[in-house]
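**Q** sequence and predicted structure below; questions after.
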Amino acid sequence: MSNNNQQPLEGAIMEFLRYYGLEEKYNDMKVINAWKDVVGKMIAAHTMDLFVQRKVLFVKLDSDALRSELAYSKSLLIEKLNEAAGKNVIQDIVFR
């Protein structure tokens with residue numbers, strides 16, 4: 001008996017997310033989960049909150065000096081986070 005409706009699990013999950021309008025939220029979470037791997041443990045320890053809204057990653061930090069340093073690396077961080085997510089999820093980062 002053959003079932004012609006077979007597809008890989010990943011494809012089925014992505015289809016489900018698209019159908020229910022959750023694909024963008026899923027991709028946002030991939031960026032947020034990649035933050036620690038991209039910036040490292042030290043910066044992640046000073047990160048108090050992360051969220052994505054309209055392709056902008058908002059990062060709340062507990063250090064003014066670190067906020068200034070990260071602003072210089074913004075384009076590299078965007079590139080690395082999008083690479084980790086596997087697609088262009090964010091276009092800008094706002095450090096608070």
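**A** All right, it came through fine.
**Q** can you list phi and psi of Lys55 for me?
**A** The phi and psi values for Lys55, taken as degrees, to the nearest 10, are phi 70, psi 20.
**Q** list the contacts of it.
**A** Val89, Ile90, Gln91, Asp92 (C-beta atoms under 8 Å, 6 or more residues apart in numbering). The way it works is simple: take the backbone N, C-alpha and C, and place the C-beta from them, glycine included.
**Q** switch to 6 Å and redo it
**A** Contacts for Lys55 (C-beta atoms under 6 Å, 6 or more residues apart in numbering) come out as Ile90, Gln91.
**Q** and it, how far from Gln6?
**A** Distance, Lys55 to Gln6, using C-beta to C-beta, to the nearest Å: 34 Å.
**Q** same check, this time on Leu57
**A** Taken as C-beta to C-beta, the span from Leu57 to Gln6 is 37 Å.
**Q** quick check: closest non-adjacent residue to Ile93.
**A** Leu57 (4.7 Å; C-beta to C-beta, 6 or more residues apart in numbering).
**Q** could you pull out the strands for the protein?
**A** In the chain, the strands defined using DSSP state E lie at 47-53, 56-61, 92-95.
**Q** can you pull the contacts of the nearest residue to Ile32 once chain neighbours are set aside?
**A** Nearest residue to Ile32, sequence neighbours excluded (C-beta to C-beta, 6+ apart): Leu50, at 4.9 Å. For Leu50, the contacting residues are Ile32, Trp35, Val59, by C-beta under 6 Å, 6+ apart.
**Q** chain center to the worst-scoring helix or strand of the chain on mean pLDDT: distance?
**A** Ranked by mean pLDDT, DSSP states H and E, the weakest helix or strand in the chain is helix 9-19, scoring a mean of 90. From the chain centre to the centre of helix 9-19 is a distance of 19 Å (C-alpha atoms, centre = their mean, to the nearest Å).
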